[in-house]
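*Asks:* Prediction below, plus the sequence it came from.
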Amino acid sequence: MHEADFDVAGETAIVTGASQGIGRAIAETLAAGGANVAICSRAQERVDPVAEAINEAAEGQCLAVECNVREREAVEAFVEATVEEFGGLDILVNNAGGEFVAPFEDISPNGFETIVDLNLMGTVHGMQVAGEAMREDGGGRIVNMASVNGQHAAPGESHYGAAKAAIIRLTETVATEWAEDGVRVNCVAPGLIQTPGVAETLGISSEDMPPREQVDRRIGYGEDIADVVQFLVSPAAAFMTGETVTVKGVPRPGNSMSNTSELGLQ
Ligand SMILES: NC(=O)c1ccc[n+]([C@@H]2O[C@H](COP(=O)([O-])OP(=O)(O)OC[C@H]3O[C@@H](n4cnc5c(N)ncnc54)[C@H](OP(=O)(O)O)[C@@H]3O)[C@@H](O)[C@H]2O)c1
């Protein structure tokens, strides 16, 4: 009889943008599963407490590094520090990202470039730098954070939607190129997830969140995404590459996560 293997124990994982929100949930989940995790954000003082909490509670160890994913040299130093600390690199989760909501005509060239740089180029830097280490060392697994806004249009999300759509195609393309090197590359496309970033951007409160068992008419927990990431990097997903897994429950007809009023969230 076959038993599915979701094990990540003893693996080394990088999770970018893990001082809060989805990235933190992913780092905690992988570490709870016994992986050593290296996490980053733009500020050492914001990732240090997360690493301390993981090192106290989890089986795996956690290294916290200040790294802006928009800066190639910082990403190179982050990957180098991770390999030095844990002796290799098996998993990369390109989670760092963000946005502001604005009509297309109001977004300045600088504003547009910033969102594309953070979401798309941050992912490119991570994939190229970590991918080199993985390919030299016999393979690895990469998960990129897309969004339902990269799959379906929503007003106010032109810059973010364009960047996330590009991440989906980037994932598909690189998956075909690196398969022979043993590197699997997949995407997760979350719907609306309760995080500090969403609270700030959309003004959504996390009070009275329905339980995870409820699949419709709720927004997601970071853990809803983290569990899918763990699946994608585990042996259970050995035959999956170049895919985008949508994780959004049933928010409302039409698939967009932009209209939160129908969920009673605004
Ligand atoms: N929440 C949702 O509903 C949702 C839906 C779809 C997709 N997503 C995607 O999921 C990912 C995480 O979203 P979230 O809601 O958890 O975001 P969040 O609460 O805003 O957290 C973003 C994280 O990324 C870090 N970060 C931001 N810019 C960075 C940079 N340049 N370099 C390194 N780290 C950086 C932040 O840390 P510092 O501020 O300390 O640097 C923070 O840890 C993003 O890619 C987002 O686009 C989220």
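*Replies:* Done, it's in.

*Asks:* And stretch 236-248, end to end?
*Replies:* 21 Å (Cα to Cα, to the nearest Å).

*Asks:* and whichever strand or helix holds Val15, what does it pack onto?
*Replies:* Assigned by DSSP states H and E, Val15 belongs to strand 12-16. Of the remaining helices and strands, those touching strand 12-16 by 3 or more Cβ pairs under 8 Å, 6 or more residues apart in numbering; DSSP states H and E are helix 21-32, strand 36-41, helix 72-86, strand 91-94, helix 122-136. C-beta coordinates here come from the backbone N, C-alpha and C atoms, glycine included.

*Asks:* chain center to it, what's the gap?
*Replies:* Relative to the mean C-alpha coordinate of its chain, strand 12-16 is positioned 10 Å out (Cα atoms, centre = their mean, to the nearest Å).

*Asks:* residue ranges for the strands of the stretch 101-250 of the chain, please.
*Replies:* For the stretch 101-250 of the chain, applying DSSP state E, counting those that start in this stretch gives strands covering 140-145, 183-190, 244-247.

*Asks:* Out of those, which one sits most buried?
*Replies:* Across the strands of the stretch 101-250 of the chain, averaging neighbours per residue (mean count of other Cβ atoms under 10 Å) puts strand 140-145 on top, at a mean of 27.

*Asks:* Each with direction, which strands does that strand pair with?
*Replies:* Strand pairing for strand 140-145, determined by DSSP bridges: strand 91-94 (parallel), strand 183-190 (parallel).

*Asks:* Would you format the ones you listed as TSV with distance to the ligand and mean pLDDT included?
*Replies:* Listed next are the strands paired with strand 140-145 as TSV, based on distance: least, Cβ to the nearest ligand atom, whole Å; pLDDT from 0 to 100:
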stretch	distance to the ligand	mean pLDDT
strand 91-94	8	99
strand 183-190	4	98
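
*Asks:* As a markdown table, these with distance to Ala226 would be great.
*Replies:* Formatted as a markdown table, these follow (distance: least, Cβ to Cβ, whole Å):
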| stretch | distance to Ala226 |
| --- | --- |
| strand 91-94 | 9 |
| strand 183-190 | 10 |
